[in-house]
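Participant: I need the structure of the sequence given here:
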Amino acid sequence: MWINALITIGMLIVSNIFMTFAWYGHLKLQASGISSNWPLWLVIIFSWGIALAEYSFQVPANRMGFVGNGGPFTLMQLKILQEVITLVVFTLFTVVFFKGEQLHWNHFAAFVCLIMAVYFVFMK
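Facilitator: Below you'll find the model as predicted:
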């Protein structure tokens, strides 16, 4: 069962990478001048294309990971894992692609709270 857990988590990580690029990547493209003249509808379609890849990993990860389908995670556990993975991926994305953004103590405090959420949701 731990192999399903690892595959689920891996697929959630991949889906979050696509999600972050779909939601925020267009801002970097705009800042670099690549999409600064694109109409909003084109930016939306571009982001939807990326989001399709996200869903191609997210949906199977949730199906495989859900205890109701023989997976190791409850619905609540899947959601909390998703949120923590989202935060980690987003933080890495921000630090790597948006050099002007900085992490502060309150961001780390929020991370600790989310890690505690993972602990509490997996507590029996």
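Participant: switch to C-alpha atoms for all contacts and neighbour counts from now on
Facilitator: Fine.
Participant: Longest helix of this protein, counting residues only.
Facilitator: Identified as the longest helix of the chain according to DSSP state H is helix 2-31.
Participant: following that one, which helix or strand comes up?
Facilitator: As assigned by DSSP states H and E, the chain's next helix or strand after helix 2-31 is helix 40-65.
Participant: Let me know the outermost residue of the chain.
Facilitator: Seen from the C-alpha centroid of the chain, the residue lying at the greatest distance (CA atoms, centre = their mean) is Asn37, 27.7 Å away.
Participant: where does that one land on pLDDT?
Facilitator: According to the per-residue confidence, Asn37 scores 90 in pLDDT.
Participant: got the phi/psi numbers for it?
Facilitator: Note on Asn37: backbone dihedrals following degrees, to the nearest 10 are phi -100, psi 0.
Participant: Quick check: the gap between it and His26.
Facilitator: For Asn37, the distance to His26 under the criterion CA to CA, to the nearest Å works out to 12 Å.
Participant: tell me what the helix-or-strand element of the chain with minimal mean pLDDT is packed against?
Facilitator: Least confident element among the helices and strands of the chain, by mean pLDDT, DSSP states H and E: helix 105-122 (a mean of 86). Other elements packing on helix 105-122 under the criterion 3 or more CA pairs under 8 Å, 6 or more residues apart in numbering; DSSP states H and E are helix 75-97.
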